[in-house]
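K.L.:
Dropping a prediction and its sequence here:
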Amino acid sequence: MFSLSQTLSIFAALPDPVFILTRSGRYAAVLGGSDSRYYHDGTTLIGQYIPQVIQQPKCEWFLSQIAQALLSRRLWVVEYSLGGNDVKGLTEQGPAEPIWFEGRVQALDFQIEGEDAVVWVASNITRRHQLEQELRERCERDPLTQLYNRRKLLKLLTENLTLFQRYQTPTSILIFDLDNLKKLNDSSGHLMGDKAIVTLGEVCLASLRTQDIASRYGGDEFVILMPHTAAEQALPIAERLRNECARRLSALGIAAECASISGGLSEFQCSDTSIDAVVSRADGALYQAKAEGRNRIVLAKGPECTESP
């Protein structure tokens, strides 16, 4: 149907690069990749081996994917990134950010110079990956404060409780909310109420430590997860947060009775079998803070962890 030269021209016109790779990682052929917006000329790779081109540990990863495709004899689909640190001899003109690819790898039913081989089609999916990342971020973030939302918080709490149950690493949570939000909304309007909530989120982002995780739990209620932190260490952090919230809320012109927060602090306990127990204990301490007059942090008491005999 087509002459050899026509067939080669068709392969050369393929927008995505096609690599013929042997089991040992030799580039037996490089075809296509004509879309210069996404790819450089790969023909210089022909005859070289993956270890000569790709740094460890990514080099071993590529070789393992070739082996998997040869073993399964089915289409093998993988997603991977390549950054400047992954490629040997890359000049300073290389990409500033990693480039993401989808690799579609299929074993060939014949050998090349005595070696099993695969065809590897690499498609640049960087833009798709960025959009997926942005979508994940939106699904995990509260739109008003840009803090993590309740769904993400519950996932993180569950993960940290699992770690605590295994290693008993001290972990604390703080639940706090704005004092007299309803009164603020009634006197100054809901826009001011929203502004106060945004301000609390800003204080969380600016005042907490790197390892602390802030989230908006719902309404004007916030939760701070403090990994590797016992309650005694968490209490001064919570007090500093309370003072900074009061200062920032007062700067908005909010009346003193509404320009404060109350919080309940709880540490993970050995008896905790679910995050509900942790949250309930902190929530109870929050209600106690309200009952004692607001504008304070109350530390929930729980049983001490004891070692098993």
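P.N.:
Alright, I've got the coordinates. Numbers count the residues shown, from 1 in each chain.

K.L.:
biggest helix in this protein, by residue count?
P.N.:
helix 231-251 (DSSP state H).

K.L.:
immediately after it, which helix or strand?
P.N.:
strand 261-267 (DSSP states H and E).

K.L.:
for the helix or strand following that next one, packing partners?
P.N.:
Moving toward the C-terminus from strand 261-267, the next helix or strand (DSSP H and E) is helix 275-291. For helix 275-291, the packing partners by 3 or more Cβ pairs under 8 Å, 6 or more residues apart in numbering; DSSP states H and E come out as helix 150-167, strand 172-178, strand 261-267, strand 297-299. (Glycine included, C-beta is placed from N, CA and C.)

K.L.:
So which of the ones you listed is nearest V203?
P.N.:
Nearest to V203 among those is strand 261-267 (9.2 Å), distances taken as Cβ to Cβ.

K.L.:
Flag every buried residue along the closest one.
P.N.:
261-267 (16 or more other Cβ atoms under 10 Å).

K.L.:
how about the residues you listed in a markdown table, adding distance to V87 and pLDDT?
P.N.:
Converted to a markdown table, the buried residues of strand 261-267 look like this (distance: Cβ to Cβ, whole Å; pLDDT from 0 to 100):
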| residue | distance to V87 | pLDDT |
| --- | --- | --- |
| I261 | 50 | 96 |
| S262 | 54 | 97 |
| G263 | 50 | 97 |
| G264 | 52 | 97 |
| L265 | 49 | 97 |
| S266 | 49 | 96 |
| E267 | 47 | 96 |
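
K.L.:
Let me know the closest of those residues to L63.
P.N.:
E267 (46.9 Å).

K.L.:
Please report how far the closest one lies from T162.
P.N.:
Separation of E267 from T162 (Cβ to Cβ, to the nearest Å): 16 Å.

K.L.:
Ok, K182 next?
P.N.:
For K182 relative to T162 (Cβ to Cβ), the value is 37 Å.

K.L.:
what stretches of this structure score poorly on pLDDT?
P.N.:
Across the chain, the ranges flagged by pLDDT under 70 are 34-39, 41, 90-96, 302-309.

K.L.:
And it, what are its domain boundaries?
P.N.:
As assigned by automatic domain parsing, the chain contains the domains 4-134, 141-299.

K.L.:
what distance separates the start and the end of the shortest one?
P.N.:
Taking Cα to Cα, to the nearest Å, the span from the opening residue of domain 4-134 to its closing residue is 45 Å.

K.L.:
just the domains of the chain: most buried one?
P.N.:
domain 141-299 (a mean of 18; mean count of other Cβ atoms under 10 Å).

K.L.:
First-to-last residue distance for that domain?
P.N.:
Length of domain 141-299, first residue to last, Cα to Cα: 28 Å.

K.L.:
chain center to it, what's the gap?
P.N.:
21 Å (Cα atoms, centre = their mean, to the nearest Å).

K.L.:
still on that earlier bit, show me what the longest helix of the chain is packed against.
P.N.:
Using 3+ Cβ pairs under 8 Å, 6+ apart: helix 231-251 touches strand 172-178, helix 190-207, strand 221-226, strand 261-267, strand 297-299.

K.L.:
can I get those in CSV with distance to L31?
P.N.:
As requested, the helices and strands packed on helix 231-251 are exported to CSV (distance: least, Cβ to Cβ, whole Å):
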stretch, distance to L31
strand 172-178, 56
helix 190-207, 49
strand 221-226, 51
strand 261-267, 60
strand 297-299, 65
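
K.L.:
Which of the ones you listed sits closest to F62?
P.N.:
Short answer: strand 221-226, nearest of these by Cβ to Cβ, at 37.5 Å.

K.L.:
which helices and strands sit right next to that closest one?
P.N.:
Strand 221-226 sits against helix 150-167, strand 172-178, helix 190-207, strand 213-218, helix 231-251, with contacts defined as 3+ Cβ pairs under 8 Å, 6+ apart.

K.L.:
among those, which is nearest G42?
P.N.:
Nearest to G42, of all these, is helix 150-167, at 40.1 Å by Cβ to Cβ.

K.L.:
relative to strand 221-226, how tilted is the closest one?
P.N.:
Going by axes from the mean of the first three to the mean of the last three Cα atoms, to 10 degrees, helix 150-167 is angled at 30 degrees with respect to strand 221-226.
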